[in-house]
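S.K.: Structure for this input, please:
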Amino acid sequence: MLKIYGSVNSRAMRVLWMAAELDLPYEHKDWLPRAPETKAPDFRALNANGRVPTIDDDGFVLSESMAINLYLAKKHKSALYPADAKNEALALQWSLWETDRLDRQIVDYQRHVSQLPAAERNPEVADKAWGECVAAFDVLEDALKKSQWLAGGNFSVADLNVASALYRALTVDLGKWPKAQAWLKTSWERPAAKKVRAMREK
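M.R.: As a prediction, the model looks like this:
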């Protein structure tokens, strides 16, 4: 059976969303990043970096949430994995783009605007992060003006990977980017997305 290591309050949320989309049975180790369990020798044998998410799929061990989702979608021959080589490449492109352009930036912005205790917030960090988010949302908006989805004519692993990473953006005013805002809302309205969001917000 598939084992998923990582709390829904971490990037493992993306993997849990994918598992829900694929209706996969799994065993879940609900561990936060840097939790004591991630430092244990048994887990370090699976992931020497001690990071979550990590999966053990009947002996095949894989880390990095974007790679995990691409693997699961392709392995299970899901319609979420593009059959066309060009759309497959776009799924890879957008997944990698997100990790570089929005992943840390949206986290830093939210933390230093509202999530950290007031004494620990740094307005300069928030402003810098938001500036980078603005540039990335501009790119995303332009892409979504040309196509409803990021890699082909339907929702795919590309959309899941990017939208899942933008969970924090659900509470951000994206009115400047109406296409991105609508796309994000539609993605998170999927039954599997609602299921994982309920896990996180319970």
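
S.K.: Can you name the residues that contact residue 50?
M.R.: The neighbours of residue 50, taking Cβ atoms under 8 Å, 6 or more residues apart in numbering as the test, are 34, 38, 39, 43, 44. No exception for glycine: its C-beta is placed from N, CA and C like everyone else's.

S.K.: do you know how far it is from residue 69?
M.R.: 21 Å (Cβ to Cβ, to the nearest Å).

S.K.: From residue 118, how far out is the residue most central in space within the chain?
M.R.: Residue closest to the average C-alpha location in the chain (Cα atoms, centre = their mean): residue 165, at 3.2 Å. Using Cβ to Cβ, residue 165 is found at 26 Å from residue 118.

S.K.: Check residue 3 too.
M.R.: Distance from residue 3 to residue 118, by Cβ to Cβ: 39 Å.

S.K.: thinking again about what came up before, by neighbour count, sort out the buried ones in the contacts of residue 50.
M.R.: The neighbour-count test (16 or more other Cβ atoms under 10 Å) marks 38, 43 as buried among those.

S.K.: Go through the contacts of residue 50 and flag which are in helices.
M.R.: Counting by DSSP state H, the contacts of residue 50 place 43, 44 in helices.

S.K.: I'd like the contacts of residue 50 as CSV, with pLDDT and distance to residue 197 appended.
M.R.: Shown next, in CSV, are the contacts of residue 50 (pLDDT from 0 to 100; distance: Cβ to Cβ, whole Å):
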residue, pLDDT, distance to residue 197
34, 92, 23
38, 97, 24
39, 96, 29
43, 97, 26
44, 97, 31
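
S.K.: Now do the helices in this structure.
M.R.: Using DSSP H, the helices of the chain run over 12-22, 41-46, 65-75, 85-101, 103-110, 123-146, 157-165, 178-188, 191-201.

S.K.: Of all the ones you listed, which one comes closest to residue 56?
M.R.: Closest to residue 56 of the helices of the chain, according to Cβ to Cβ: helix 41-46, at 6.3 Å.

S.K.: What is the closest one packed up against?
M.R.: Packed against helix 41-46 by the contact rule (3 or more Cβ pairs under 8 Å, 6 or more residues apart in numbering; DSSP states H and E) you find strand 54-57.

S.K.: which of the helices of the chain is buried the deepest?
M.R.: helix 157-165 (a mean of 26; mean count of other Cβ atoms under 10 Å).

S.K.: just checking, what packs against that helix?
M.R.: Judged by 3+ Cβ pairs under 8 Å, 6+ apart, helix 157-165 is in contact with helix 12-22, helix 65-75, helix 85-101, helix 178-188.

S.K.: These into CSV, with extra columns for distance to residue 134?
M.R.: Output for these, formatted as CSV (distance: least, Cβ to Cβ, whole Å):
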stretch, distance to residue 134
helix 12-22, 23
helix 65-75, 23
helix 85-101, 11
helix 178-188, 11
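
S.K.: Which one's more surrounded, residue 3 and residue 118?
M.R.: Taking neighbours as other Cβ atoms under 10 Å, residue 3 and residue 118 compare with residue 3 leading, 15 against 6.

S.K.: Excluding chain neighbours, what is closest to the more buried one?
M.R.: Excluding the flanking residues, the one nearest residue 3 by Cβ to Cβ, 6 or more residues apart in numbering is residue 56, at 4.3 Å.
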